[in-house]
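In: Sequence below, structure please.
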Amino acid sequence: MQIKICGIRTIEAAEAAVKYEANYIGFIFVKGSKREIPPEKCLEITNSIKNEFPSSKVKFVGLFGDQDLSEIKEILDKTNLDMVQLCGEKDFDISIPSIRQIRIKESDSSDQILDYVQKALLVHNYVVLDSYHEKKLGGTGNKFDWNKAKNVIGLTNVLVSGGLDTENIESLIKNFSPYGIDTSSGVETNGTKDLEKIKEFIKLAKN
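Out: Residues are numbered from 1 along each chain as shown. Here you go, the predicted structure:
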């Protein structure tokens, strides 16, 4: 089970994710997001983790939303990221490992979702399935209809996000056997990463 904890903004939250063996830590560079982090702070956190956990294989992921490739490269130059996650409409074949977000609409059929995933994996290393929201690129705290995506949730290199928390993660795992999972708001209390929720979420996912 691959586990990604997203929207990290503090060293303490990053340490909790690594301590309990998350595979990926996500930093958000989407303009206007309440979880947006400056490149300098991201670098401070990643350097701290590398010093504190030198044997950890955790990957640092930068999330971008409809930003130009030049801006993405500028942030990559200022940070210590291993991967990029592209959210929104703009898409690039980028030089470092990448994750492509696919937002599931209520009108999408199972065949359409499979087609989106197959096409994305021709360009990107991973896909993350998320809930569609007209005005938000992610972090909505809402889950999509897992049944619609049951043909792809278990595929290698496909992660599930969208409203995952300690209350529903066991149901997802039991009924759909995902390759990977991704959460942000699901491990927060009052908009702030909750270290106990991070611990509990990862523990439930690994059981």
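
In: Pull the contacting residues for Phe144.
Out: Applying Cβ atoms under 8 Å, 6 or more residues apart in numbering to Phe144 gives the contacts 104, 129-132, 162. In this view, the C-beta of every residue, glycine as well, is placed from N, C-alpha and C.

In: ok, now Ile202?
Out: Each residue near Ile202 by Cβ under 8 Å, 6+ apart is listed here: 3, 5, 17, 20-22.

In: for those, which one is nearest Val158?
Out: Ile3 (13.8 Å; Cβ to Cβ).

In: What helix or strand is the closest residue to the closest one other than its chain neighbours located in?
Out: The shortest distance from Ile3 to any non-neighbouring residue, by Cβ to Cβ, 6 or more residues apart in numbering, is to Ala22 (4.7 Å). Assignment of secondary structure by DSSP states H and E places Ala22 within no helix or strand.

In: can you count the residues close to Ala22?
Out: 29 (other Cβ atoms under 10 Å).

In: Let me know the closest of the contacts of Phe144 to Asn147.
Out: Nearest member of those to Asn147, counting by Cβ to Cβ, is Ile104, at 11.0 Å.

In: Pull up the per-residue confidence for that closest one.
Out: The score at Ile104 is 94. That number is its pLDDT.

In: longest helix anywhere in this structure?
Out: Taking DSSP state H as the assignment, the helix of the chain that covers the most residues is helix 39-52.

In: Report all helices and strands that that one contacts.
Out: Under the contact definition 3 or more Cβ pairs under 8 Å, 6 or more residues apart in numbering; DSSP states H and E, helix 39-52 sits against helix 11-19, strand 24-28, strand 59-65, helix 69-78.

In: switch to 7 Å and redo it
Out: Using 3 or more Cβ pairs under 7 Å, 6 or more residues apart in numbering; DSSP states H and E as the contact test, the elements touching helix 39-52 are helix 11-19, helix 69-78.

In: Could I get the buried residue list for that helix?
Out: By neighbour count on 16 or more other Cβ atoms under 10 Å, the buried set for helix 39-52 is 39, 42-43, 45-46, 49.
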